[in-house]
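Participant: model this:
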Amino acid sequence: MKIEEMHIGMAVRHPQYGTGTVKALTEQSASIQFSDAIREVSPGLSDLLPAEAAASVKGLELPLKQFVADIVESTVNRFGISKPDEVVGQLAARWRKGTLVLKPADPTLQPKDIELEVFFHKIVMMRNNLRVLEQKINAMDELSAADKFDLQQYITRCYGSMTTFNVLFRDKEDQFSTQKR
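Facilitator: Numbers count the residues shown, from 1 in each chain. As a prediction, the model looks like this:
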């Protein structure tokens, strides 16, 4: 392995010392933290190999972990998937800091209190996941138009079932609807 192919934080595998993490680099050697000690290794002379996958995209080389993180972030942004703090902004003001109480019919059992912000976040995530599912179904070339229509009916029924929770939303356009937008 060439020193130029390495970066700090990279996982590497040495034939004698096992797997380690690159802590520092110089022009000729790498300081690598192995399970027993930090060792100075000359990558070109030691049969050192990467212990992590790397991606190369149109001449751009970076660790797979960073590559995947960048893709996930752009996907989350593209589909409008919200973080918990962002979701609470869609909750109608009258429900903020409220509690949902689930009271069992059996008086010997304790009721369950759930913060409405937590419950609302789960409802919004279900809505977002239904939207992604709908997009995936529509994008599947393997499905016939009739199959897509059939699957869409199930999604529409799910939206219909979720309209009970529309009272929690601040804005009408964020609510569940069985109508196409």
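Participant: any idea where the strands of the chain begin and end?
Facilitator: Listed in chain order, the strands of the chain (DSSP state E) span residues 11-14, 18-25, 30-33, 38-41, 49-50, 54-57, 60-63, 99-102, 112-115.
Participant: can I get these in a markdown table with mean pLDDT?
Facilitator: Formatted as a markdown table, the strands of the chain follow (pLDDT from 0 to 100):
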| stretch | mean pLDDT |
| --- | --- |
| strand 11-14 | 94 |
| strand 18-25 | 93 |
| strand 30-33 | 94 |
| strand 38-41 | 93 |
| strand 49-50 | 90 |
| strand 54-57 | 69 |
| strand 60-63 | 76 |
| strand 99-102 | 94 |
| strand 112-115 | 93 |
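Participant: can you redo those as JSON lines with mean neighbour count?
Facilitator: (Glycine included, C-beta is placed from N, CA and C.) Below are the strands of the chain laid out as JSON lines (neighbours: other C-beta atoms under 10 Å):
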{"stretch": "strand 11-14", "mean neighbour count": "18"}
{"stretch": "strand 18-25", "mean neighbour count": "16"}
{"stretch": "strand 30-33", "mean neighbour count": "20"}
{"stretch": "strand 38-41", "mean neighbour count": "16"}
{"stretch": "strand 49-50", "mean neighbour count": "14"}
{"stretch": "strand 54-57", "mean neighbour count": "12"}
{"stretch": "strand 60-63", "mean neighbour count": "12"}
{"stretch": "strand 99-102", "mean neighbour count": "11"}
{"stretch": "strand 112-115", "mean neighbour count": "12"}
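Participant: Kindly state which of these is positioned closest to Tyr159.
Facilitator: strand 99-102 (20.9 Å; C-beta to C-beta).
Participant: which residues touch the closest one?
Facilitator: For strand 99-102, contacts defined as C-beta atoms under 8 Å, 6 or more residues apart in numbering pick out Pro111, Lys112, Asp113, Ile114, Glu115, Leu116, Phe119.
Participant: circling back to that earlier point, would you mind giving the strands of the chain as TSV with distance to Gly160 added?
Facilitator: Listed next are these as TSV, based on distance: least, C-beta to C-beta, whole Å:
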stretch	distance to Gly160
strand 11-14	49
strand 18-25	52
strand 30-33	56
strand 38-41	61
strand 49-50	51
strand 54-57	42
strand 60-63	45
strand 99-102	21
strand 112-115	23
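Participant: Select, out of these, the one closest to Ala139.
Facilitator: Among the strands of the chain, strand 54-57 comes nearest to Ala139, with 22.3 Å by C-beta to C-beta.
Participant: Start and end of stretch 22-31, how far apart?
Facilitator: Its start and end residues considered, stretch 22-31 measures 6 Å (C-alpha to C-alpha, to the nearest Å).
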